[in-house]
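**Q** Here is a sequence together with a model predicted from it:
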Amino acid sequence: MSDLHAPVLGWYDDNARDLAWRSPSASAWSVMVSEFMLQQTPVARVLPVHERWLERWPTPADLAVEPAGEAVRAWGRLGYPRRALRLHAAARAIVDDHGGEVPRTYAELLALPGIGDYTASAIASFAFGQRHVVLDTNVRRVFARAVGGTELPPPSVTRAERELGAELLPDAPALAATWAVAVMELGALVCTARDPRCDSCPIADRCAWLAAGRPAHDGPPRRGQAWDGTDRQCRGRIMALLRDHDGPVHSSRIDAAWPDATQRERCLASLVADGLITPAGPSAYALP
DNA sequence: CAGGCGTGGGC
DNA sequence: TGCCCAAGCCT
């Protein structure tokens, strides 16, 4: 296990993807927007939306003056549109409480809407070069395999994972930040969830999982998320409808999009409660 | 803490 | 064809 640093850092130097938010000239805001979009959405789908977002709203203040619905519309089909709402709310908080500048400390970042432990660490590390344990699903999978000898990490982050992350983190902040992004990249490109490319892995000779013959995950099977007929599908259908229209959408159109009236009304109510849509007149809805 | 929350691509 | 997954957050 000793010294994963040199091979991983060397591999990253040769194989890192050239992503817009990793450019030396990328702003902290660019990094922050990318982190919101990348929460559960693949890089390939984020790229074009991130580019247009930064062109339109180069700073938090540019977004903060917009109605929230503009953020939801620009979010397009990235999924989980509440993230767009939270990013918009975070931009307003940055203007109101931080002079329009993305805050630099983990605690201040964590206090913003839509930012949890991972995203706060990632922004502090990637945008500001600080030393933080960055634990995302990629890093956790690399740790689970290389150190733990298991195919998959535990269902939720454990104390042991945090301690391991802290132990492996280089002392120098700049190096720690590079290490964090390098391990993440290794998990994204080589140590993938399915069909890992162990033959091109820089730490294959130190990997406990590979040494053990890549044993399959034992333990309870992971819960897949139901989709067909769920409220999520219904909500998604309604949101797509509103995104694709400029003004308010009449209820009759929404009725046509989802026949089950009980479920439809429940979803409309929850979307209103979430702030993703707003009633517009007696029988119409619009983006906020 | 388990469950809810979108969307589309790859195998 | 389904099924699994993709830089999580919030309640």
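**A** Noted; the coordinates are in hand.

**Q** okay, now residue A:153: neighbour count?
**A** Using other C-beta atoms under 10 Å, residue A:153 has 20 neighbouring residues. C-beta coordinates here come from the backbone N, C-alpha and C atoms, glycine included.

**Q** Over to residue A:130?
**A** Neighbour number of residue A:130 under other C-beta under 10 Å is 18.

**Q** same check, this time on the one 10 residues further on
**A** For residue A:140, the number of neighbouring residues by other C-beta under 10 Å comes to 22.

**Q** Quick check, it in contact with residue A:153.
**A** Yes - applying C-beta atoms under 8 Å as the test, residue A:140 and residue A:153 come out as touching, 3.8 Å apart.

**Q** what is in contact with the two at once?
**A** residue A:161 (C-beta atoms under 8 Å, 6 or more residues apart in numbering).

**Q** Run through the residues of the stretch 151-288 of chain A sitting next to DNA strand B.
**A** A:155-156, A:194-195, A:223, A:225, A:227, A:230-233, A:235-237, A:239-240, A:270, A:276 (C-beta under 7 Å from any atom of the strand).

**Q** gap between residue A:169 and DNA strand B?
**A** 24 Å (C-beta to the nearest atom of the strand, to the nearest Å).

**Q** Give the closest residue to that residue in space, chain neighbours not counted.
**A** Once flanking residues are discounted, residue A:169 sits nearest to residue A:176: 5.1 Å by C-beta to C-beta, 6 or more residues apart in numbering.

**Q** The helix or strand encompassing the one you found and DNA strand C in contact?
**A** Per DSSP states H and E, residue A:176 falls inside helix A:173-189. Yes - residues of helix A:173-189 are located near DNA strand C by C-beta under 7 Å from any atom of the strand, namely A:184-185, A:187-188.

**Q** what distance separates that helix from the middle of the whole chain?
**A** Mean-position distance between helix A:173-189 and its chain equals 16 Å (C-alpha atoms, centre = their mean, to the nearest Å).

**Q** ok, residue A:29 - how many residues close by?
**A** 25.

**Q** doesn't it fall inside a helix?
**A** Yes - under DSSP: H, G, I helix; E, B strand; the rest coil, residue A:29 sits within a helix.
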